[in-house]
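S.K.: Here's a sequence, model it:
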Amino acid sequence: MGLVIEIGIYVILALTIHILIYTLVTKKKPKDINGKHVVITGGSSGIGLHMAIECARRGASVTLLARRTNLLEKSVKLLELNKKNENQKFQYKSLDLSGNYDVVEKCLQDAEENFGDIEMLINCAGFAVCGVFEEVSIEDAKKLMDINYFGTYHCVRHVLPKMKQRRSGTIVITSSQAALMGIYGYGPYSVAKFALRGLAETIAMETKNFGITVTLAMPADTNTPGFENEEKSKPKETKLISGTGGLANPEDVAKCIIQDSLKGTFFSIYGIESWILTILCCGMAPWGGLGLYLLQAVLMGPLRIISFFLHLHFQRIIKNCAKEKTN
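M.R.: Below you'll find the predicted structure:
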């Protein structure tokens, strides 16, 4: 018992120091997107819509990409109510991002003809289908990859050469905490989110010398229409495991992602649980300077011990649910 208390105190002190240093490091002035062209996929609802509103408040002209025209029309009206100046312009394009790359490229080219070069690309389109791995249909598994991964890949593939040529640009890739660890009931969805993490880390390394910044957003459960839909297929075990962190406000998460991306921070995380999990699972991903790396190294040992007990807790949940099903 004494050892557990000592580890707890050690972790709290280390976390406090880490937060203080992280706060100092992230005082970096954010980029100015006033008058710039921002494209947001999945911008008709949820976190994507709130990120669009935040960009509008910062003076950007915004293009929204999503499938449902009725939601897009309402979203553009909201942007008009939140614009910073009269020079801003807003438009939407109805688009299935999981389709052929040529269709996506044509849509983005049309958006650029109207509003100019894309200075900031925010990839937020995505959806989830939950269930035990073998119970998720092959069709849904492919769709998860097409929308979550290839929907992002197609857009990045178009903007990246132009950003490199200008030596300027910001790319946001919205993944999930499901990209940090495999979770019961998230199988194919987690696979797609892991793929986005690999994409973000690769692009970040390839573009560092071109003045382009890449941010990987790792939001936890957030109160959005997408989350409500996700709950419909989520097994009880998944709800019990993933529900410990509560439900975040989409407006708060969106502001955090925009702020982090404009400061050039690779990981964008919201909440202490997300922060701890990211430290445990960040691996070789870029995250801050030497000071932060050293502190993360110090924290890794105690947090790894805590993760052992967390896994025991998760296995207990799965075991108890299995007993309920048997009975």
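
S.K.: need the longest helix for the chain.
M.R.: helix 290-326 (DSSP state H).

S.K.: tell me the average confidence for that helix?
M.R.: Mean pLDDT, helix 290-326: 87.

S.K.: by contact count, what packs against that helix?
M.R.: Secondary-structure packing of helix 290-326 (3 or more CB pairs under 8 Å, 6 or more residues apart in numbering; DSSP states H and E): helix 2-25, helix 236-242, helix 272-281. All C-beta atoms are positioned from the backbone trio N, CA, C, and that covers glycine.

S.K.: need the next SSE after the one helix or strand in the chain whose mean pLDDT sits lowest, C-terminal direction.
M.R.: The helix or strand of the chain with the poorest confidence is helix 2-25; it has a mean of 54 (mean pLDDT, DSSP states H and E). Going down the chain from helix 2-25, the next helix or strand is strand 37-41, by DSSP states H and E.

S.K.: got the contact list for that following strand?
M.R.: For strand 37-41, contacts defined as CB atoms under 8 Å, 6 or more residues apart in numbering pick out 48, 51-52, 55, 60-66, 97, 108, 111-112, 115-125, 151-152, 155, 159.

S.K.: quick one: strands adjacent to it?
M.R.: strand 61-66 (parallel), strand 118-123 (parallel) (DSSP bridges).

S.K.: Tell me where the model's unsure across the protein.
M.R.: Across the chain, the ranges flagged by pLDDT under 70 are 1-27, 244-245.

S.K.: tell me the contacts of Cys107?
M.R.: 65, 93, 95.

S.K.: And it, how close does it get to Val39?
M.R.: Using CB to CB, to the nearest Å, we find Cys107 at a distance of 10 Å from Val39.

S.K.: How about Ile258?
M.R.: Relative to Val39, and taking CB to CB, Ile258 is found at 14 Å.

S.K.: and if you look at Phe267?
M.R.: Applying CB to CB to Phe267 and Val39 gives a distance of 22 Å.

S.K.: higher neighbour count, the two?
M.R.: Using other CB atoms under 10 Å as the criterion, Phe267 and Val39 rank with Val39 on top: 28 against 21.

S.K.: Could I get the contacting residues of the closest residue to Gly35 other than its chain neighbours?
M.R.: Nearest residue to Gly35, sequence neighbours excluded (CB to CB, 6 or more residues apart in numbering): Gly59, at 6.1 Å. Contacts for Gly59 (CB under 8 Å, 6+ apart) come out as 32-35, 83-85, 88.

S.K.: Any buried residues in the strand or helix carrying Val159, and which?
M.R.: In this assignment (DSSP H and E), Val159 forms part of helix 151-166. Using 16 or more other CB atoms under 10 Å as the test for burial, helix 151-166 gives 151-156, 158-160, 163-164.

S.K.: Stretch 109-128 now?
M.R.: Buried, per 16+ other CB under 10 Å, within stretch 109-128: 111-112, 115, 118-128.

S.K.: Columns distance to Thr222 on top of those, output as CSV?
M.R.: As requested, the buried residues of stretch 109-128 are exported to CSV (distance: CB to CB, whole Å):
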residue, distance to Thr222
Ala111, 26
Glu112, 30
Phe115, 28
Ile118, 25
Glu119, 26
Met120, 21
Leu121, 21
Ile122, 15
Asn123, 16
Cys124, 11
Ala125, 15
Gly126, 12
Phe127, 14
Ala128, 12
